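Engineer: I would like to see how this sequence folds:
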Amino acid sequence: MAVSVQSVTDIPAGIPEIMEVLADVGSLVDWSDAHRAVEIREADDEGWPIVVWSKISQYGVADEMVVRYEWYDGEVSWSLVESGTQKVQNARYELTDNGDGTTKVVFDLEVDLKIKLPGMVVKKAQKHIADVATKGLRDEVLRRQS
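Structural biologist: Coordinates of the predicted model:
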């Protein structure tokens, strides 16, 4: 059964600065504790990552996965191409300029696992993933600004 989570935060930075961090997928190993290794397998003519391989480990589950990114103005999404433990992974960041030097960041994630995990573990993992996706991103953007 697929599970979904959403997390929202404001980041004191502009959309271009946040998109720059999101496009730097290799830095995920620095600000996402689940990511052990990341490799861009395909990029577009402007250098935006399109196909990305990741090795992840969280809550006792290790996986290697490939996702396909789509980039838009103020938005990035990705969907699962292949994985050992997931049937589905769809994710999206939507960035909205608040007009005061801050950006509203909405992160949505849907995951359907091939493996069975206790409900309590799934809920804990959902909360942690949402926190890393927003608070971790926020911390990385602020670190780069200082």
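Engineer: from here on, just use CA atoms for contacts and neighbour counts.
Structural biologist: Noted.
Engineer: tell me how far D24 lies from V52.
Structural biologist: Using Cα to Cα, to the nearest Å, D24 is found at 11 Å from V52.
Engineer: neighbour count winner among the two?
Structural biologist: V52 (21 against 12; other Cα atoms under 10 Å).
Engineer: for the more buried one, what are phi and psi?
Structural biologist: The phi/psi pair for V52 (degrees, to the nearest 10) reads phi -130, psi 130.
Engineer: beta-bridge partners for it, please?
Structural biologist: I40, V67 (DSSP bridges).
Engineer: I figured it hits L28, correct?
Structural biologist: No: the criterion here is Cα atoms under 8 Å, and V52 misses it with L28 at 11.6 Å.
Engineer: find the residues that touch each one of those two.
Structural biologist: V38 (Cα atoms under 8 Å, 6 or more residues apart in numbering).
Engineer: in the protein, which residue sits furthest out from the middle?
Structural biologist: No residue in the chain sits farther from the centre than D100, which is 25.0 Å out by Cα atoms, centre = their mean.
Engineer: so that residue versus D10, what's the distance?
Structural biologist: In terms of Cα to Cα, D100 sits 11 Å off from D10.
Engineer: what's the answer for V105, then?
Structural biologist: Note on V105: its distance to D10, by Cα to Cα, is 6 Å.
Engineer: okay, these two: which has more neighbours?
Structural biologist: Using other Cα under 10 Å as the criterion, V105 and D10 rank with V105 on top: 24 against 17.
Engineer: contacts for stretch 73-90?
Structural biologist: With contacts defined as Cα under 8 Å, 6+ apart, stretch 73-90 is touched by 2, 15-16, 19, 63-71, 91-96, 109-115.
Engineer: what of stretch 108-117?
Structural biologist: 1-7, 84-93.
Engineer: what do you get for stretch 7-19?
Structural biologist: 74, 95-97, 101-108, 130-131, 133-135, 138, 141-142.
Engineer: just the buried members of those residues?
Structural biologist: 74, 95-97, 103-108, 130-131, 133-135, 138, 141 (16 or more other Cα atoms under 10 Å).
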